[in-house]
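[1] How does the following fold in three dimensions:
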Amino acid sequence: MVRKSKKITAAILVIGNEILSGRTSDKNVSYLALWLNNSLGIKVPEVRIVPDIESKIIKSVLALSKSYDYVLTTGGIGPTHDDITSRSISKAFKKKYTYHKEAYRILKKYYGEKNFNDPRKKMAKMPQGSRLVFNPSSAAPGFVVKNVICLPGVPSILKSMSGNLKKYLKPGIKIYSQTISIQTIESNIARELESIQKKYRKFVEIGSYPFFRLGKIGVSIVIRSEKKISLQSCHKAIIKMLRNKKIQIFRGA
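    Just a heads-up that it's a prediction; the model follows:
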């Protein structure tokens with residue numbers, strides 16, 4: 001008998017005043033959520049954004065780490081005064097905030113003895129006993145402590161580290177997904193989609209997302225399921241409904 005994979009969950013905790021002030025647009029949540037769901041079958045039920053305030057970081061990290069299999073934090077592990085994620089997580093788990101020998105060696109080699117100043121040394125400080133997530137872009141590593149994975153806030157750097165992150169994540173149940181793009185408005189299919197969703201509610205999740213491109217109004221219907229057969233059956237039901245209503249389906253659906 002083949003043993004089924006466990007449903008694995010992760011929360012994403014975005015840390016930084018620059019996100020809350022609107023000065024910086026967050027791109028990490030969408031990337032991580034897609035990557036976790038599609039590549040590893042890890043569902044993301046919750047995302048939080050907190051400022052660079054120690055008490056708020058500690059409270060959120062402890063709450064999320066108890067509720068989900070993993071917590072991925074982004075931001076606050078750089079060299080500046082307001083980068084306090086590492087120190088805050090050390091306090092959250094009552095671990096010594098200290099230099100990680102391997103991280104220190106990596107950064108010293110990257111910057112050179114002369115340019116390895118105190119702010120750069122700070123990026124080697126983290127909770128004692130942390131495991132490193134290596135950084136192929138700018139050397140400064142992320143780290144893992146308990147079930148919390150701390151990553152940088154710069155999207156390009158975070159993305160480059162995802163390959164080195166996989167070894168710390170246990171894959172969950174594979175999620176199958178299919179998108180049907182159509183030329184209509186949501187209200188024109190809302191009642192029918194609700195009916196189909198009720199029929200497949202145990203196994204399939206249906207989402208409806210409006211768009212406007214190339215001068216045309218349309219809707220993307222996204223269906224997701226752990227069961228490929230259920231997904232295919234639901235897809236056929238939606239296609240049949242759309243054809244009955246004579247709604248244009250874009251190629252590839």
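
[2] Torsion angles phi and psi at F203?
    With angles defined as degrees, to the nearest 10, F203 sits at phi -130, psi -20.

[3] now Y70
    phi -140, psi 150.

[4] Just the pLDDT for the residue nearest to it when sequence neighbours are not counted.
    Nearest residue to Y70, sequence neighbours excluded (C-beta to C-beta, 6 or more residues apart in numbering): A10, at 4.0 Å. Every C-beta, even on glycine, is put in place using the N, C-alpha and C of the backbone. Per-residue pLDDT puts A10 at 98.

[5] cool, the one 10 residues further on as well?
    pLDDT for L20: 93.

[6] can you tell me the distance between the two ends of stretch 165-182?
    37 Å (C-alpha to C-alpha, to the nearest Å).

[7] how far out from the middle of the chain is it?
    11 Å (C-alpha atoms, centre = their mean, to the nearest Å).

[8] Buried residues, that stretch. List them.
    Judged by neighbour count using 16 or more other C-beta atoms under 10 Å, the buried positions of stretch 165-182 are L165, L169, G172, I175, Y176, Q178, I180, S181, I182.

[9] hmm, back to that, N37 versus the residue nearest to Y70, what's the distance?
    10 Å (C-beta to C-beta, to the nearest Å).

[10] Now the common contact residues for those two.
    K43, V44 (C-beta atoms under 8 Å, 6 or more residues apart in numbering).

[11] Those two: who's more crowded?
    Neighbour count, other C-beta atoms under 10 Å: between A10 and N37, A10 has more, with 24 against 18.

[12] Need the three-state assignment for that one.
    Secondary structure, DSSP: H, G, I helix; E, B strand; the rest coil: A10 is strand.

[13] do the same with A103
    Strictly by three-state DSSP, A103 counts as helix.

[14] Can you tell me the closest non-neighbouring residue to it?
    Among residues not flanking A103 along the chain, A124 sits closest, at 4.1 Å (C-beta to C-beta, 6+ apart).

[15] Write down the beta-bridge partners of the nearest residue to V47 once chain neighbours are set aside, one by one.
    If the residues on either side of it in the chain are set aside, V47 comes closest to I12, at 4.7 Å by C-beta to C-beta, 6+ apart. Listed by DSSP bridges, the beta-bridge partners for I12 are V47, L72.

[16] Brilliant, that's me finished.
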